[in-house]
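K.L.:
Got a sequence here, can you build the structure:
(2 chains)
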Number of protein chains: 2
Amino acid sequence: MFEFTVTAKNNRARAGVFTTPHGDLLTPVFAPVGTQATVKTLTPEHLKDINATLVLSNTYHLYLRPGDELVRDMGGLHKFMQWHRPMLTDSGGFQVFSLAQTRKIDDDGVTFKSHIDGSTHRFTPEKSIAIQENLGADIIMAFDECSDPNDHAYSKLAMERTHRWAERSLKAQTRADQALFGIIQGGIQPDLRAESAKFIASLDTPGIAIGGLSVGETKEEMHAMLEVIEPFFPENKPRYLMGVGTPEDLINGVARGIDIFDCVLPTRLARHNSAFSPEGRLNLMNAIFARDERPIDETCDCYACKTFTRAYIRHLIVAKELLAGTLLSIHNLRALIRLMEQIKVYLAAGIFEEQMPFLLEIWKNNASRKMGNSEWEVA
Amino acid sequence: MFEFTVTAKNNRARAGVFTTPHGDLLTPVFAPVGTQATVKTLTPEHLKDINATLVLSNTYHLYLRPGDELVRDMGGLHKFMQWHRPMLTDSGGFQVFSLAQTRKIDDDGVTFKSHIDGSTHRFTPEKSIAIQENLGADIIMAFDECSDPNDHAYSKLAMERTHRWAERSLKAQTRADQALFGIIQGGIQPDLRAESAKFIASLDTPGIAIGGLSVGETKEEMHAMLEVIEPFFPENKPRYLMGVGTPEDLINGVARGIDIFDCVLPTRLARHNSAFSPEGRLNLMNAIFARDERPIDETCDCYACKTFTRAYIRHLIVAKELLAGTLLSIHNLRALIRLMEQIKVYLAAGIFEEQMPFLLEIWKNNASRKMGNSEWEVA
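P.N.:
Here you go, the predicted structure:
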């Protein structure tokens, strides 16, 4: 069921098609994040309008609320949230480590307390897969452990546990209509990343995910890790770089052979009044936009840019009107999806590598705020 | 420019067409409220989808933020918020009396402090009209004073001032492309309401508004006032009952000759998780909806009802996802607009009076919460 066909190659960068039960997924692709079975402030119609294809949702959150069994009984995640294109769920591993109030890891699994009500829960590889089977996404993840990327000893332990958990995750799978990806770990340790890539590739899962990056390391460290693992990737499997990222990260990721990305950044920035643009990241609350009759980005084709002025969006922000977050979410997501569409065109034409410096030039200054623009920062 | 043609009459109830610079307005009509140049949580596309025609915005709020001169310089309210169908602004009078921190009324006008930052401002009839001309709505209001409806002496004073202010408002008007409505006041005092109706009708404005109702009096008192003033209404002018209301209020208002209504209730209820329905007003946060696979209202044709289950909307509410407010706003506004469409059909067919008891039966229990449904209440 889960065929991946590479349709164009420009050195390590590739375009492809991944077949899923909810349609063909053209790669490279950026997936908006719908943590709680909704991409914050947007309807599925908004997502279709910006040509979103893959949407990610979070196992940890849905397990806690409304509960994976409720989602299953309501017909699964696609039907529940009315998103009928491909979906992906993570394993819950990263959230247990980053969100849960306390956690106790052993070789069998993790016991943690809910960040919502402090109640105690336990995830094992088997439990993560059972939850993900109840949710019913097209692409699901093996249960994994994130480590402090700089700590070699802990990264080795976590990687080895991740490998054993990947084998158990595969054994636990009962549904044939979900593509279960193994996850490469290993912090920023080249030897561990190489070992992990080799091991996960050997499992022959229908795709391979790269976890534990974009967690505080430098861009150079992230790129170095991608280059270490790239030789071990099978050609005919999609590669998913988890939790990345900025426009620059997507361009650099594609150049290093990545096919799938996801990140909360575009929607989180939107809720902090911030917009991607070729002028650099803009904070639309800034008083300089009070009478600015231009759209957020004159080159953008999204509903917000085709319809509203910066002056209006700034007014909505200042007046604390929620429509501001909706419009900025539409714009920021469309900016990344449009970037991926552009990259697909370049890949098909065989000119991605020569266009890459221009793309990086256009989208520079979007990874962090524009200098002097305001005092905000987004975690 | 502002012709009003009655197209059907059923006793005192009427259907009509009001010509405006932004198109013909079919009455009776319910106007969603976009206080700060946005109907909270909705895009103009959502409003078009539910067949909204007239949208109201608030002079007091827009004067304070972003400022009426800014709105004028951005091309006026229609262009600023991208609503290209008819619009209406109120005079600011009601908000000065209900929202401003302090106010000092004299015969010339009102001095008040902003509820946003405490700064001091002054509204006069001339100022209200100047602001409304900057905003540029199709229908604008004379500056008026609301009174405690039970206080005959104060209601008389406020009514007399409202009459003088109506004359000054008319004199201050410079734009010919805005229909300036006079406002009837007089509390719940039949003698004052009759006097006010007679006076405002004598001004020969292109429409007549009824202010100072739905401010705490009983339904019976409101109906009595509508019946007192109805005989003084000119046939060929639209009648606008300000700030009303519930499904029941709309049905009863039409029966008493009202053509135009507006109210924040549908969007405010939405933000309190509450939905109009033929089952009575529902609080979708209620646990009984956790696994309810029905739409909010099986008879409704809105996007929320055609797409999502109560179970999903309840999940969004419990998870504090803003999409809940968007979906409930769409539904509640569509419920009132659909009710008005149904009434127009009945009026055209000459059967409104015989259908009215059935409409009241269907929409009963929507004026307040369903008993035992939960502990919430909406101010």
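K.L.:
use CA for all of it now, contacts and neighbours both
P.N.:
OK.
K.L.:
check whether the longest helix belonging to chain A contacts chain B.
P.N.:
Determined from DSSP state H, the single longest helix within chain A is helix A:323-349. Yes - Helix A:323-349 is in contact with chain B by Cα under 8 Å from any Cα of the partner chain, via residue A:323.
K.L.:
Compute the inter-axis angle for whichever helix or strand comes after that helix and helix A:323-349.
P.N.:
Under the assignment DSSP states H and E, the closest C-terminal helix or strand after helix A:323-349 is helix A:352-363. Angle of helix A:352-363 versus helix A:323-349, following axes from the mean of the first three to the mean of the last three Cα atoms, to 10 degrees, is 160 degrees.
K.L.:
Show the average pLDDT along helix A:352-363.
P.N.:
Averaged across helix A:352-363, pLDDT comes to 97.
K.L.:
Now do it: which elements does it pack against?
P.N.:
helix A:247-255, helix A:323-349 (3 or more Cα pairs under 8 Å, 6 or more residues apart in numbering or on different chains; DSSP states H and E).
K.L.:
Put together a markdown table for the ones you listed, with mean pLDDT and mean neighbour count on each row.
P.N.:
Formatted as a markdown table, the helices and strands packed on helix A:352-363 follow (pLDDT from 0 to 100; neighbours: other Cα atoms under 10 Å in any protein chain shown):
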| stretch | mean pLDDT | mean neighbour count |
| --- | --- | --- |
| helix A:247-255 | 97 | 22 |
| helix A:323-349 | 98 | 23 |
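K.L.:
Distance to residue A:159 added to those helices, as CSV?
P.N.:
Rendered in CSV, the data for the helices and strands packed on helix A:352-363 read as follows (distance: least, Cα to Cα, whole Å):
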stretch, distance to residue A:159
helix A:247-255, 22
helix A:323-349, 31
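K.L.:
still on that earlier bit, off-centre distance for the longest helix of chain A?
P.N.:
14 Å (Cα atoms, centre = their mean, to the nearest Å).
K.L.:
quick one: that helix to helix A:247-255, angle?
P.N.:
30 degrees.
K.L.:
Show me what the helix or strand where residue A:157 lies is in contact with.
P.N.:
Residue A:157 belongs to helix A:152-172 when assigned by DSSP H and E. Contacting residues not belonging to helix A:152-172 are listed as A:107, A:125-126, A:128-130, A:142-149, A:180, A:182-187, A:189, A:192, A:196, A:199-200, A:203 [Cα atoms under 8 Å, 6 or more residues apart in numbering or on different chains].
K.L.:
Also stretch A:244-261?
P.N.:
Contacts for stretch A:244-261 (Cα under 8 Å, 6+ apart): A:12-16, A:27-31, A:214, A:223, A:226-227, A:230, A:238-243, A:262-265, A:336, A:339-340, A:353, A:356, A:359-360, A:363-364, A:366-367.
K.L.:
What about those residues, which are in strands?
P.N.:
Counted as lying in strands by DSSP state E, out of those, are A:13-16, A:27, A:29-31, A:239-241, A:262.
K.L.:
nearest to chain B, of the residues you listed?
P.N.:
residue A:31 (19.0 Å; Cα to the nearest Cα).
K.L.:
How about the contacts made by the closest one?
P.N.:
Counted by Cα under 8 Å, 6+ apart, residue A:31 has contacts A:52-56, A:260-263.
K.L.:
any idea what sits nearest it, other than its immediate chain neighbours?
P.N.:
Leaving aside its sequence neighbours, residue A:31 sits nearest to residue A:262 (Cα to Cα, 6 or more residues apart in numbering or on different chains; 4.6 Å).
K.L.:
quick one: the one you found from residue A:139, how far?
P.N.:
13 Å (Cα to Cα, to the nearest Å).
K.L.:
On the strand side of things, show who the residue nearest the centre of chain A bridges to.
P.N.:
The centroid of chain A falls nearest to residue A:262 when counting by Cα atoms, centre = their mean (1.4 Å). Beta bridges link residue A:262 to residue A:31, residue A:244 when assigned by DSSP bridges.
K.L.:
show me what contacts it?
P.N.:
A:30-33, A:56, A:241-245.
K.L.:
Need the per-residue pLDDT for it.
P.N.:
98.
K.L.:
quick one on the thing from earlier: quick one: the ones in strands among the contacts of stretch A:244-261 as JSON lines, columns for distance to residue A:311 too.
P.N.:
What follows is these, written out as JSON lines (distance: Cα to Cα, whole Å):
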{"residue": "A:13", "distance to residue A:311": "39"}
{"residue": "A:14", "distance to residue A:311": "40"}
{"residue": "A:15", "distance to residue A:311": "39"}
{"residue": "A:16", "distance to residue A:311": "40"}
{"residue": "A:27", "distance to residue A:311": "36"}
{"residue": "A:29", "distance to residue A:311": "32"}
{"residue": "A:30", "distance to residue A:311": "29"}
{"residue": "A:31", "distance to residue A:311": "29"}
{"residue": "A:239", "distance to residue A:311": "41"}
{"residue": "A:240", "distance to residue A:311": "38"}
{"residue": "A:241", "distance to residue A:311": "36"}
{"residue": "A:262", "distance to residue A:311": "30"}
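K.L.:
Close to chain B: what parts of chain A are there?
P.N.:
A:36, A:38, A:40-43, A:65-66, A:70, A:74, A:80-82, A:291, A:293, A:307-309, A:312, A:315-316, A:319, A:321-323.
K.L.:
ok, 6 Å please
P.N.:
Contact residues (Cα under 6 Å from any Cα of the partner chain) of chain A with chain B: A:41, A:322-323.
K.L.:
pLDDT on the helix or strand following the helix holding residue A:157, on average?
P.N.:
Next in sequence after helix A:152-172, counting helices and strands by DSSP H and E, comes strand A:179-184. Strand A:179-184 shows a mean pLDDT of 98.
K.L.:
Given strand A:179-184, what are its sheet partners and their directions?
P.N.:
When DSSP bridges is applied, strand A:179-184 pairs with strand A:139-141 (parallel), strand A:208-210 (parallel).
K.L.:
can you put the ones you listed in a markdown table and add distance to residue A:269 and mean pLDDT?
P.N.:
As requested, those are exported to a markdown table (distance: least, Cα to Cα, whole Å; pLDDT from 0 to 100):
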| stretch | distance to residue A:269 | mean pLDDT |
| --- | --- | --- |
| strand A:139-141 | 26 | 98 |
| strand A:208-210 | 24 | 98 |
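K.L.:
Any chance of CSV for those, columns mean neighbour count?
P.N.:
Below are these laid out as CSV (neighbours: other Cα atoms under 10 Å in any protein chain shown):
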stretch, mean neighbour count
strand A:139-141, 25
strand A:208-210, 25
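K.L.:
Kindly state which of the ones you listed is positioned closest to residue A:111.
P.N.:
Among the strands paired with strand A:179-184, the nearest to residue A:111 by Cα to Cα is strand A:139-141 (19.0 Å).
K.L.:
what's the pLDDT at residue A:300?
P.N.:
Reading off the model, residue A:300 has pLDDT 98.
K.L.:
Which residue is it, in the stretch 1-150 of chain A, that comes closest to chain B?
P.N.:
residue A:41 (5.1 Å).
K.L.:
Help me confirm that that residue comes into contact with residue A:326.
P.N.:
Yes - using Cα atoms under 6 Å, residue A:41 is in contact with residue A:326, at 5.3 Å.
K.L.:
next one: phi and psi at residue A:5?
P.N.:
Residue A:5 adopts backbone torsions of phi -120, psi 120, taken as degrees, to the nearest 10.
K.L.:
Let me see the contact set for the residue of the stretch 201-350 of chain A found nearest chain B.
P.N.:
The stretch 201-350 of chain A approaches chain B most closely through residue A:323 (5.1 Å), counting by Cα to the nearest Cα. Residues near residue A:323 by Cα atoms under 6 Å, 6 or more residues apart in numbering or on different chains: residue B:41.
K.L.:
so how far is residue A:337 from the spatially closest residue to residue A:265 that is not a sequence neighbour?
P.N.:
Leaving aside its chain neighbours, residue A:265 sits nearest to residue A:245 (6.6 Å; criterion: Cα to Cα, 6+ apart). The gap separating residue A:245 from residue A:337 is 12 Å, by Cα to Cα.
K.L.:
dump the residue contacts of the residue of the stretch 1-150 of chain A closest to chain B.
P.N.:
Applying Cα under 6 Å, 6+ apart, the residues near residue A:41 are A:326, B:322-323.
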